[in-house]
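**Student:** what's the 3D shape of this:
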Amino acid sequence: MFRFHLLAGAAASCLLPAVSLAATPGEGEQADPAIIVTGQRDPLRLEEQPQTASRLGLTVRETPASVEVLTQDDLQVQGLRTARETFNQVVGAVAGNVPGNPAVVSLRGFAGNTVSILQDGVRVSTSTVVQRDSNNWHYDRIEVLKGPASVLYGEGALAGVINKVTRKPVLGERRLDTLLSVGSFDTVMAAGGVNLPMSDTLAVRADASYQRSDSLYDVENNDTFSAALTASALWRPSNAVSLLVAVDHFEDRYGATYQGLPLIPEAFALRPSDAVESANGLVADRALRRRNYNPRGAYSGADETTIRSRLDWAVGSGWSLALDLTAYTADRAFLLADSQSFVAPSAAFPNGSFRQSYQDFRHDHQFWNARGAIANDSVIAGMRNRFTLGAEHNSTDFVSLRQQAPITALPAADVRDPAAIALPTGTAIFTSSNVTFDSRLRQISVFAEDAINITPKWLLVGGLRWDHMALTRETIQNVSGAVDRNNPTFDPVSWRAGTSWDAAPGLTLYAQYTTAVSPVSSILLASVANSRFRLTKGRAYEAGFKASGWGGRASVTGAAYRIEQRDILTRDPTNPTLSVQGGRQSSQGAELSAVVSPVKALRLSAGASYTDAQYDELSELIGGVRVDRAGNRPINVPDTTLTASALYTIAGEVTLGGFLRHAGAFYTDTANTIRVAGHEVLDASISLPVAANATLSLRGRNLTDAFYGEYSGYPATNIYIGAPRSFELSLAARF
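**Tutor:** Now for the predicted structure:
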């Protein structure tokens with residue numbers, strides 16, 4: 001953290017933060033800081049080739065799946081600063097900031113380990129292990145492939161894949177982009193990036209960002225800090241060969257952590273709200289909006305570094321070769337009161353109190369990956385055929401200290417005026433668990449894809465992947481020294497088949513069938529008992545359309561889908577104390593996205609989703625009794641989401657923006673007894689040029705000051721309340 005303070009201090013004199021770029025730059029171009037809304041061609045980018053959806057170079061239009069791309073311009077237009085804010089803008093997704101899993105995503109009825117998050121096409125581990133709420137200044141774009149994607153990225157990609165693509169050098173261009181903003185809750189952000197051509201064949205780029213806040217949620221004792229440095233060099237000695245070498249470093253820390261607002265009985269609430277309804281009378285009390293009950297000194301933080309390279313070689317005659325090498329290391333820590341239990345008022349605590357449990361988790365994580373692929377683009381029997389065959393090998397070493405104390409571990413905290421609780425010292429309180437997980441995962445994969453044009457308008461796409469996963473797991477009891485070992489292996493096969501058809505000019509219809517696999521929990525953090533279970537299996541059906549027209553000023557996409565997952569953990573009907581595989585979960589729904597520019601100065605966009613998700617077969621052990629949950633909705637899954645925006649430029653200079661986000665109601669427990677009401681959030685912005693290369697913007701967030709639940713915490717009775725009304729002033733410049 002100290003070196004980043006030095007970096008930020010040195011950079012701050014020349015860094016001023018970027019805002020809103022409505023026009024989309026061409027390939028190899030960078031966005032101009034002036035905010036000018038134009039009727040751009042292909043507003044949903046149907047002709048672009050996202051690297052996430054296929055290794056065949058298919059365009060979004062050709063891909064028989066739902067693909068969504070958010071560029072850096074899009075992020076800045078909407079004022080999106082972090083990964084969580086960005087993921088919340090994906091059609092059909094909601095995101096939260098659980099301390100042990102910042103920026104956790106729920107997508108198409110599934111959440112957590114079933115959504116894979118990549119950086120530059122590489123999956124280090126499950127998102128619940130590696131994802132942080134990082135600054136998104138460093139990403140050229142965010143690509144989202146929805147639905148099962150194990151055929152491309154292996155286990156864990158049941159609901160979809162989010163790929164964070166970092167900024168890369170551009171040959172022949174010398175420029176500096178800068179960003180500075182200040183806002184509510186003492187929030188400050190500074191960022192900048194420089195692109196330098198070293199010769200006709202060599203260019204380098206470096207980006208730095210720094211953000212600090214008293215709390216992004218306006219919560220007491222919740223200082224946040226995040227910073228990053230990414231740098232890369234691109235060497236292209238000819239049109240046939242390119243080599244990219246890059247290093248990425250990200251840091252973050254959340255002071256005193258935050259576990260969300262704990263629910264209390266309505267009889268003891270000073271300002272009960274309708275944000276939460278529960279079967280046992282628990283409510284969200286507005287009067288506790290800013291309270292934080294975690295011990296002083298508790299925190300959640302991460303320090304991670306990635307070194308990577310990519311070689312691309314166009315061999316000739318339609319053949320090409322790609323080689324990716326990645327090395328990653330991370331240290332993470334999670335110290336927090338992971339649950340609060342309400343105790344009615346007493347003489348000692350006339351306002352009521354919370355008894356709290358406590359956990360201290362640590363990660364020591366190393367990973368490396370090598371992936372090579374050969375590809376061919378040629379004509380076979382008069383039909384264009386694109387083919388890729390590749391292999392991948394990676395190795396993970398993961399050590400996690402996991403210490404847990406029971407609900408009475410910490411001193412009671414007054415509900416209204418919690419006193420400072422000292423951070424526990426020593427290990428005597430860790431009587432619930434005090435273990436070390438020592439995991440070694442070795443994986444070998446072989447994959448193939450093919451796309452053949454039966455006719456110029458009709459494309460067939462297929463893919464196949466085989467993984468061999470060998471896990472060595474030791475669970476060490478730190479008090480007694482006892483060790484439990486397990487060495488499972490998994491050999492899943494995933495495949496997909498799809499087709500797209502240009503039914504009319506500007507209109508493409510598509511359909512696909514895909515399969516996927518996922519562990520019953522994170523493969524690196526599963527207990528030895530859970531690591532003995534086989535992988536769950538998933539499959540999905542999807543059909544949809546992609547259309548553009550009106551002279552390139554309008555684009556619309558739509559999809560209908562069904563996803564099924566089987567072999568999730570449930571309870572043995574004959575012996576409810578035993579966990580067995582055999583449970584099932586499914587979701588089905590529809591999504592629609594549209595962008596239109598009716599006139600040059602106006603750009604309208606919207607995305608809507610409907611999800612019908614349920615547990616088809618699931619039972620739990622409650623008080624020694626097996627309870628059926630079939631038909632219930634999975635947690636953190638709203639039935640509807642909506643995003644909408646309007647950007648209007650007056651006289652070619654001043655841009656007005658309005659942004660609406662809606663999420664339907666969701667449940668925090670599998671019993672569906674705690675229901676968080678749906679909500680709408682309205683943001684707005686105004687931007688104007690203040691110099692030839694600088695733009696000043698004022699942004700207001702949650703202008704109606706809505707009090708709403710955003711996501712659930714670890715216990716079902718903790719709810720993350722969205723940030724209240726806030727404002728931000730920012731200045732963007734380009735040199």
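
**Student:** How about the helix or strand Ala608 falls within, which residues are buried there?
**Tutor:** In the assignment (DSSP states H and E), Ala608 maps to strand 602-617. Within strand 602-617, the residues that qualify as buried are 603-611, 613-615, 617, counting by 16 or more other C-beta atoms under 10 Å. (Glycine included, C-beta is placed from N, CA and C.)

**Student:** Might you list the low-confidence residue ranges for the protein?
**Tutor:** Per-residue confidence for the chain (pLDDT under 70) gives these ranges: 1-42.

**Student:** how about 80 then?
**Tutor:** 1-44, 99-100, 112, 256, 520-522, 525-532, 572, 577 (pLDDT under 80).

**Student:** all helices for it, in order.
**Tutor:** Taking DSSP state H, the helices of the chain run over residues 2-12, 72-77, 83-87, 127-130, 150-153, 528-531.

**Student:** Next, give phi and psi for the residue of the chain positioned farthest from its centre.
**Tutor:** Residue farthest from the centre of the chain, counting by C-alpha atoms, centre = their mean, is Ala347 at 45.8 Å. When read as degrees, to the nearest 10, the backbone of Ala347 gives phi -60, psi -40.

**Student:** Need phi/psi at Pro424.
**Tutor:** Dihedral angles for Pro424 - degrees, to the nearest 10 - are phi -60, psi 140.

**Student:** for the closest residue to Leu660 other than its chain neighbours, what are its contacts?
**Tutor:** When the adjacent residues along the chain are set aside, Leu660 lies closest to Ala644, with 4.6 Å between them (C-beta to C-beta, 6 or more residues apart in numbering). Taking C-beta atoms under 8 Å, 6 or more residues apart in numbering, we find Ala644 in contact with Leu604, Ser605, Ala606, Gly607, Phe659, Leu660.

**Student:** so how far is Ile686 from the first one?
**Tutor:** Meaning Leu604. 18 Å (C-beta to C-beta, to the nearest Å).

**Student:** can you check the fifth one too?
**Tutor:** Distance of Phe659 to Ile686, given as C-beta to C-beta: 13 Å.

**Student:** Then the last one?
**Tutor:** Taking C-beta to C-beta as the measure, Leu660 and Ile686 are separated by 17 Å.

**Student:** What of Ile142?
**Tutor:** 25 Å.

**Student:** same deal with Pro197?
**Tutor:** 36 Å.

**Student:** what about Gly664, how many neighbours?
**Tutor:** Neighbour count for Gly664, taken as other C-beta atoms under 10 Å: 18.

**Student:** try Ala65
**Tutor:** Considering only other C-beta under 10 Å, Ala65 is surrounded by 27 other residues.

**Student:** Same check on the one 4 residues further on?
**Tutor:** The local packing of Val69 (other C-beta under 10 Å) involves 20 other residues.

**Student:** Can you lay out the contacts of Ala644 as CSV showing distance to Arg175?
**Tutor:** Converted to CSV, the contacts of Ala644 look like this (distance: C-beta to C-beta, whole Å):
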residue, distance to Arg175
Leu604, 31
Ser605, 28
Ala606, 33
Gly607, 32
Phe659, 28
Leu660, 34
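
**Student:** for the residues you listed, which one is nearest Ser587?
**Tutor:** Gly607 (17.6 Å; C-beta to C-beta).

**Student:** Bridged to that closest one, which residues?
**Tutor:** Ser593, Thr643 (DSSP bridges).

**Student:** Correct me if wrong: it contacts Ser593.
**Tutor:** Yes: using C-beta atoms under 8 Å, Gly607 is in contact with Ser593, at 4.3 Å.

**Student:** Need the overlap of contacts for these two.
**Tutor:** Val91.

**Student:** returning to what we had before: so for Ile142 and Ile686, which residue has more residues nearby?
**Tutor:** Ile142 (25 against 16).

**Student:** Next, the contact list for the more buried one, please.
**Tutor:** For Ile142, the contacting residues are Val69, Leu70, Leu75, Thr86, Val90, Asn136, Ile162, Asn163, Lys164, Val165, by C-beta under 8 Å, 6+ apart.

**Student:** The residues you listed into CSV, with extra columns for distance to Ala420?
**Tutor:** Output for the contacts of Ile142, formatted as CSV (distance: C-beta to C-beta, whole Å):
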residue, distance to Ala420
Val69, 46
Leu70, 41
Leu75, 38
Thr86, 34
Val90, 39
Asn136, 34
Ile162, 38
Asn163, 42
Lys164, 37
Val165, 43
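
**Student:** So which of those residues is surrounded by the most neighbours?
**Tutor:** With neighbours taken as other C-beta under 10 Å, the top of the contacts of Ile142 is Ile162, carrying 29 neighbours.

**Student:** Please determine how far the residue nearest to it when sequence neighbours are not counted is located from Lys168.
**Tutor:** Among residues not flanking Ile162 along the chain, Ile117 sits closest, at 4.9 Å (C-beta to C-beta, 6+ apart). Using C-beta to C-beta, we find Ile117 at a distance of 19 Å from Lys168.

**Student:** Next, the distance between the ends of stretch 668-684.
**Tutor:** Its start and end residues considered, stretch 668-684 measures 30 Å (C-alpha to C-alpha, to the nearest Å).

**Student:** Centre of the chain to it, how far?
**Tutor:** 19 Å (C-alpha atoms, centre = their mean, to the nearest Å).

**Student:** what's the answer for stretch 335-342, then?
**Tutor:** Stretch 335-342 has its C-alpha centroid displaced from the chain centroid by 25 Å (C-alpha atoms, centre = their mean).

**Student:** and what of stretch 82-99?
**Tutor:** Distance, centroid of stretch 82-99 to centroid of chain: 6 Å (C-alpha atoms, centre = their mean).

**Student:** same question, stretch 346-356
**Tutor:** Using C-alpha atoms, centre = their mean, the offset of stretch 346-356 from its chain centre is 38 Å.

**Student:** Need the distance between the two termini of that stretch.
**Tutor:** First residue to last in stretch 346-356 (C-alpha to C-alpha) measures 17 Å.

**Student:** With stretch 110-126 instead?
**Tutor:** 14 Å.

**Student:** Same question for stretch 251-260.
**Tutor:** Using C-alpha to C-alpha, the two ends of stretch 251-260 sit 22 Å apart.

**Student:** Please spell out which residues along it are buried.
**Tutor:** Under the neighbour-count rule (16+ other C-beta under 10 Å), stretch 251-260 has Glu251, Asp252, Arg253, Tyr254, Gly255, Ala256, Thr257, Tyr258, Gln259, Gly260 buried.

**Student:** leaving aside the residues next to it on the chain, what's closest to the second one?
**Tutor:** So that's Asp252. Nearest to Asp252 is Ser226, by C-beta to C-beta, 6+ apart, at 4.1 Å.

**Student:** and that neighbour, what is it in contact with?
**Tutor:** Counting by C-beta under 8 Å, 6+ apart, Ser226 has contacts 82, 132-135, 209-212, 250-253.
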